[in-house]
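> got a predicted structure here, sequence first:
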Amino acid sequence: MQASRQSQRYGSWIAFVAGLLVPLAFAPFNFYLLLPVLLAVLFWLWDDTTPRSAAWLGWLFGFGAFLTGTHWLYVSLHVFGKAPLFLALVLMAALMAFMAAYTALLGFLVARFHPTSGAQRWLLLLPSGWVLGEWLRSWVLSGFPWLSLGYTTTDSALAGWIPLGGVFAASAAVALTAGALRTLVAGHATERLAAGLLIAAVWLAGGLLDRVHWTDPTEHSLRVSIVQGAVPQERKWLPEELLPTMRLYREKTREHWGSDLILWPEAAIPALRSTLGDYYDDLNREGQGTNTAIVLGIIEFDPETNEYFNGVLSLDQQQSIYNKRHLVPFGEYFPVPGFVREWMRLRNLPYSDYSAGDKDQAPLIAAGEKIAASICYEDVFGNQLRAMLPEATMLANVSNDAWFGESIAPDQHLQIARVRAIEAGRYLLRATNTGISAIIAPDGRVEATIPQFQRRVLTADAWPHTGATPYVLLGDRPIVLLSALFIVLALAATRR
């Protein structure tokens, strides 16, 4: 009995430490080969355990991963958001515990309904269950698909699976590799041979798919300038900073009137658009004089409905606007009853409520192209971005990653944007307040960047693309249905 308890204690520590190491596979570290090994360790710990023990081990693994992988929430909530330390820690712990519950649930269900270890479990049930868990995590209760396994594949052969089935297809490739590694260690001779062949097939096929060009560039490129104002987050919203910020963006823009398109970050000017009508009108007139379109993040207010919107405005011959659809809970809106919001107001706690834009919005029109816009956190939801594809020929993401400070979050966010470009087979233009601004090619390569906290303008050529990747046409359905089918087959075989 004592030996059993000691073994469980060791297993708990191994699961937690393995989870803590998971973010090393993501940007900025990019040790992507480490992830299948860590996942294989979890699969090993789940062997011959009770459903309750499997759930506990899975929860420890997941909590460790989100503890180190999203620790930057402290910077957003407490350092810049000014939430009291206790409230910030409670919100962080609640999110991490909830995210870890997905891994705990997978461990519990597999131990409960497929208690027998073996290749069937490692190669079918666990990888498929992991993918379904990530898919659920991407939309349940608004969704938080951060740290999905597929994001680690941007610089590996497995990136070839992304345009075929999205980030979850790449996650499936990583999870399959992990299951195959576990099979190589503990399987029978035939199972080990099958596992080795499976690893070779998954990685070789990914490399071959990576060479396929699913979309085609148009004949003419656009000269694009991305303005990174680098206004410190702690000063951005100060009243005395408004005029200097307006001058900054106007001057940086006027220096690049020769470009076809100029992109500003999210809420570049910290004031309502309605209060700065002349400012934007003057910019538009100057831009039209040089055939330059400007796409910029704005804050919009609708006096008829008394609603605020986080938007992107295109200043061109035909003006168009996009309002953010997927808002950040406890960042852009507070999902709490009215009396709680009043309590927060009386105590000067940070709270703000934007309204979500319509789900069905058309692409922006700028520089003669249709642009699928997203704002900050929205680029985590690839399936939602598909609504403007393949009509849009380019992607643009405006963000304010200054909320993350000098943490690893801006690098993680850039990696997520790279996956969106691969899924869509489109150039993605990324403008952030303090970095990392970038121009990303359809294959996910970062062609040019502005480092963090530097006040600069990035100018380069980008080609609009037409056509559609399989992911744009079909979305997440194929990988979700295949995963569900494999789970059914594995459970049916167990019953027999």
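Structure's in. What do you need?
> what segments of the chain are strands?
216-217, 222-228, 261-263, 293-302, 307-315, 320-323, 364-366, 369-375, 394-399, 428-432, 437-440, 446-450, 456-462, 465-466 (DSSP state E).
> in CSV: those, plus distance to residue 120, mean pLDDT and mean neighbour count.
(Each C-beta comes from the backbone N, C-alpha and C, glycine too.) Listed next are the strands of the chain as CSV, based on distance: least, CB to CB, whole Å; pLDDT from 0 to 100; neighbours: other CB atoms under 10 Å:
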stretch, distance to residue 120, mean pLDDT, mean neighbour count
strand 216-217, 42, 97, 14
strand 222-228, 50, 97, 25
strand 261-263, 50, 97, 28
strand 293-302, 50, 93, 22
strand 307-315, 47, 93, 22
strand 320-323, 47, 94, 21
strand 364-366, 49, 96, 24
strand 369-375, 40, 96, 25
strand 394-399, 40, 97, 29
strand 428-432, 40, 97, 29
strand 437-440, 40, 98, 26
strand 446-450, 40, 96, 18
strand 456-462, 47, 96, 18
strand 465-466, 42, 98, 20
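> make a markdown table out of the ones you listed and add distance to residue 201.
As requested, those are exported to a markdown table (distance: least, CB to CB, whole Å):
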| stretch | distance to residue 201 |
| --- | --- |
| strand 216-217 | 29 |
| strand 222-228 | 39 |
| strand 261-263 | 41 |
| strand 293-302 | 43 |
| strand 307-315 | 42 |
| strand 320-323 | 41 |
| strand 364-366 | 41 |
| strand 369-375 | 34 |
| strand 394-399 | 31 |
| strand 428-432 | 30 |
| strand 437-440 | 29 |
| strand 446-450 | 29 |
| strand 456-462 | 35 |
| strand 465-466 | 29 |
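> which among these is found nearest to residue 358?
Nearest to residue 358 among these is strand 320-323; the distance by CB to CB comes to 7.2 Å.
> what helices and strands are in contact with the closest one?
strand 293-302, strand 307-315, strand 364-366 (3 or more CB pairs under 8 Å, 6 or more residues apart in numbering; DSSP states H and E).
> can I get the ones you listed in CSV with distance to residue 127?
Formatted as CSV, the helices and strands packed on strand 320-323 follow (distance: least, CB to CB, whole Å):
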stretch, distance to residue 127
strand 293-302, 39
strand 307-315, 37
strand 364-366, 38
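> what's the closest of those strands to residue 188?
Of all those, strand 307-315 comes closest under CB to CB, at 55.9 Å.
> report the angle between the closest one and strand 394-399.
Here strand 307-315 runs at 130 degrees with respect to strand 394-399, directions being taken by axes from the mean of the first three to the mean of the last three CA atoms, to 10 degrees.
> mind listing what's buried in the helix ranked longest in the chain?
Longest helix of the chain, by residue count under DSSP state H: helix 85-113. Buried residues in helix 85-113, counted by 16 or more other CB atoms under 10 Å: 87-88, 91-92, 95-96, 98-111.
> got it, and stretch 263-279?
263-271, 273, 276.
> just the ones of those residues in helices?
Among these, no member falls in helices (DSSP H).
> in a markdown table, list those residues along with distance to residue 13.
Formatted as a markdown table, the buried residues of stretch 263-279 follow (distance: CB to CB, whole Å):
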| residue | distance to residue 13 |
| --- | --- |
| 263 | 47 |
| 264 | 48 |
| 265 | 43 |
| 266 | 41 |
| 267 | 44 |
| 268 | 47 |
| 269 | 50 |
| 270 | 47 |
| 271 | 52 |
| 273 | 53 |
| 276 | 56 |
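> and those residues, which is closest to residue 115?
When those are compared against residue 115 (criterion: CB to CB), the nearest one is residue 266, at 49.3 Å.
> once you drop chain neighbours, what's closest to the closest one?
residue 297 (3.9 Å; CB to CB, 6 or more residues apart in numbering).
> surely that neighbour meets residue 270?
No. Counting by CB atoms under 8 Å, residue 270 is not a contact partner of residue 297; they are 10.3 Å apart.
> middle-most residue in this protein, spatially?
Note on the chain: the residue nearest the mean C-alpha position is residue 380, at 2.9 Å, using CA atoms, centre = their mean.
> mind listing what that one touches?
Residue 380 makes contact with 143, 145-146, 416, according to CB atoms under 8 Å, 6 or more residues apart in numbering.
> next one: it, what pLDDT does it get?
On pLDDT, residue 380 comes in at 94.
> low pLDDT regions in the stretch 151-300 of the chain?
Within the stretch 151-300 of the chain, no range satisfies pLDDT under 70.
> and the helices in it, which stretches?
162-186, 189-209, 233-236, 242-254, 277-289 (DSSP state H, counting those that start in this stretch).
> out of the ones you listed, which one sits most buried?
helix 162-186 (a mean of 26; mean count of other CB atoms under 10 Å).
> how far is that one from where the chain is centred?
19 Å (CA atoms, centre = their mean, to the nearest Å).
> run the angle between that helix and helix 189-209 for me.
Using the same axes, to 10 degrees: helix 162-186 against helix 189-209 is 160 degrees.
> so which elements touch helix 162-186?
Against helix 162-186 (3+ CB pairs under 8 Å, 6+ apart) you get helix 34-45, helix 126-137, helix 189-209, helix 382-385, helix 409-424, helix 470-474, helix 477-495.
> got the angle for it vs helix 409-424?
Using the same axes, to 10 degrees: helix 162-186 against helix 409-424 is 110 degrees.
> between helix 162-186 and helix 126-137, how many degrees?
140 degrees.
> on that earlier part again, may I see the helices and strands packed on helix 162-186 organised as CSV, with distance to residue 56 added?
Formatted as CSV, the helices and strands packed on helix 162-186 follow (distance: least, CB to CB, whole Å):
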stretch, distance to residue 56
helix 34-45, 10
helix 126-137, 17
helix 189-209, 27
helix 382-385, 32
helix 409-424, 27
helix 470-474, 36
helix 477-495, 22
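> which one of the ones you listed lies nearest to residue 116?
helix 477-495 (6.8 Å).
> what is the mean pLDDT for the closest one?
Here the average pLDDT along helix 477-495 is 90.
> thinking again about what came up before, out of the helices and strands packed on strand 320-323, which is closest to residue 138?
Using CB to CB as the measure, strand 307-315 is the one of the helices and strands packed on strand 320-323 that comes nearest residue 138, at 20.7 Å.
> distance between that closest one and the chain's centre?
21 Å.
> so what secondary structure elements neighbour that strand?
Under the contact rule (3+ CB pairs under 8 Å, 6+ apart), strand 307-315 is packed against helix 277-289, strand 293-302, strand 320-323, strand 364-366, strand 369-375.
> please redo it, this time with the cut-off set to 10 Å
When contacts are defined as 3 or more CB pairs under 10 Å, 6 or more residues apart in numbering; DSSP states H and E, strand 307-315 sits against strand 261-263, helix 277-289, strand 293-302, strand 320-323, strand 364-366, strand 369-375, strand 394-399.
> would you turn the ones you listed into CSV with distance to residue 245?
What follows is the helices and strands packed on strand 307-315, written out as CSV (distance: least, CB to CB, whole Å):
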stretch, distance to residue 245
strand 261-263, 16
helix 277-289, 11
strand 293-302, 12
strand 320-323, 21
strand 364-366, 22
strand 369-375, 19
strand 394-399, 15
